[in-house]
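Asks: following is a predicted model, sequence given first.
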Amino acid sequence: MDLGPDFLTFVAVGFFAQLVDGALGMAFGMISSSFLIALGVPPAAASAGVHAVETVTTAVSGTSHAIARNIDWRLFRRIAIPGVIGAILGAYILTNVPADVARPLIQGYLGFLGTWLFYRGFRHIHVERQPRVVAPLGFVGGFLDAAGGGGWGAIVTSNLMIQGGTPRKVIGTVNAAEVFVTFTAAATFIFALGWEVVTTATLGLLAGGIVAAPFGAILAKRLKADVLIMLVGALLIVTSIVGLSRAIF
């Protein structure tokens, strides 16, 4: 396969997307899918390619978080299985039915969560406690991630933090569970669309993501809880504004 002159651009996008995802527990899918769609790749093919990449980058990221002791294994089990089920359903729907109708509502919801998280981090009012609503959250996160080309981290990480989850543990656990969610979604996409989803773009995203994955885990462990919460909130606000502007205009 001739990688072409744009390969390094894809590598840079993959590096940046995975660095953000590993440190804040979200955004690889959103950043990468948006980039591919902007280049004219159909939404289903973009989501399929990104999920194929994430089967590897999330494995590296999850391993890095495990080494850094950022994972709550009990929480991991509670979100991974429902996430896999949701991913299968979401991938099936995206390959058969457009999911554009629900996207503005999801972006608005994430913007609200981001504003609240940023406020909590800024005012130092985050109270850590064990999250209670977990399995349904994993299902919804897996479904929206596959159907929307990204969103597992944004939905699951933000909601677990809202419920009082320890920021670095939430980020590490969500990243580790994403291995199974993305593998399931990618397998479903490839079954429906074929191996044509693996392109120069996806190989570039993969290369950049693998290099960045360990650095994200280190950042998640070293940043203070309030700083992590504020950064997650700010990222959600920005992605919500971008998503809503695209839907409206």
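Replies: Structure's in. What do you need?
Asks: every contact and neighbour count from this point should use C-alpha atoms.
Replies: Noted.
Asks: and whichever strand or helix holds residue 56, what does it pack onto?
Replies: Element membership for residue 56, per DSSP states H and E: helix 43-67. Applying 3 or more C-alpha pairs under 8 Å, 6 or more residues apart in numbering; DSSP states H and E, we find helix 43-67 packed against helix 28-38, helix 167-193, helix 200-222.
Asks: between the ones you listed, which gets nearest to residue 151?
Replies: helix 28-38 (6.6 Å; C-alpha to C-alpha).
Asks: just for this protein, where's the confidence low?
Replies: 1-5, 94-103, 105-107, 148-150, 196-198, 247, 249 (pLDDT under 70).
Asks: hang on, the earlier thing: closest one to residue 91 among the helices and strands packed on helix 43-67?
Replies: When those are compared by C-alpha to C-alpha, helix 167-193 sits nearest residue 91, at 5.8 Å.
Asks: residue 193: how many residues sit nearby?
Replies: 14 (other C-alpha atoms under 10 Å).
Asks: continuing past the helix holding residue 56, what's the next helix or strand?
Replies: Criterion used, DSSP H and E; the element after helix 43-67 is helix 73-94.
Asks: can I get the following helix or strand past that following helix in PDB? Just the C-alpha atoms.
Replies: As assigned by DSSP H and E, the chain's next helix or strand after helix 73-94 is helix 103-122. This file holds the C-alpha atoms of helix 103-122, laid out as PDB (Å, rounded to 0.1, in the frame of the first residue of the first chain):
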ATOM      1  CA  ARG A 103     -26.800  13.900  17.400                       C
ATOM      2  CA  PRO A 104     -27.700  17.500  18.200                       C
ATOM      3  CA  LEU A 105     -29.600  16.300  21.400                       C
ATOM      4  CA  ILE A 106     -26.500  14.300  22.500                       C
ATOM      5  CA  GLN A 107     -24.200  17.300  21.900                       C
ATOM      6  CA  GLY A 108     -26.500  19.600  23.900                       C
ATOM      7  CA  TYR A 109     -26.500  17.100  26.700                       C
ATOM      8  CA  LEU A 110     -22.700  16.800  26.700                       C
ATOM      9  CA  GLY A 111     -22.400  20.600  26.700                       C
ATOM     10  CA  PHE A 112     -24.500  20.700  29.900                       C
ATOM     11  CA  LEU A 113     -22.400  18.000  31.600                       C
ATOM     12  CA  GLY A 114     -19.200  19.800  30.600                       C
ATOM     13  CA  THR A 115     -20.400  23.100  32.000                       C
ATOM     14  CA  TRP A 116     -21.300  21.400  35.300                       C
ATOM     15  CA  LEU A 117     -18.100  19.500  35.500                       C
ATOM     16  CA  PHE A 118     -16.000  22.600  34.800                       C
ATOM     17  CA  TYR A 119     -17.900  24.500  37.500                       C
ATOM     18  CA  ARG A 120     -17.300  21.700  40.000                       C
ATOM     19  CA  GLY A 121     -13.600  21.500  39.300                       C
ATOM     20  CA  PHE A 122     -13.200  25.300  39.400                       C
END
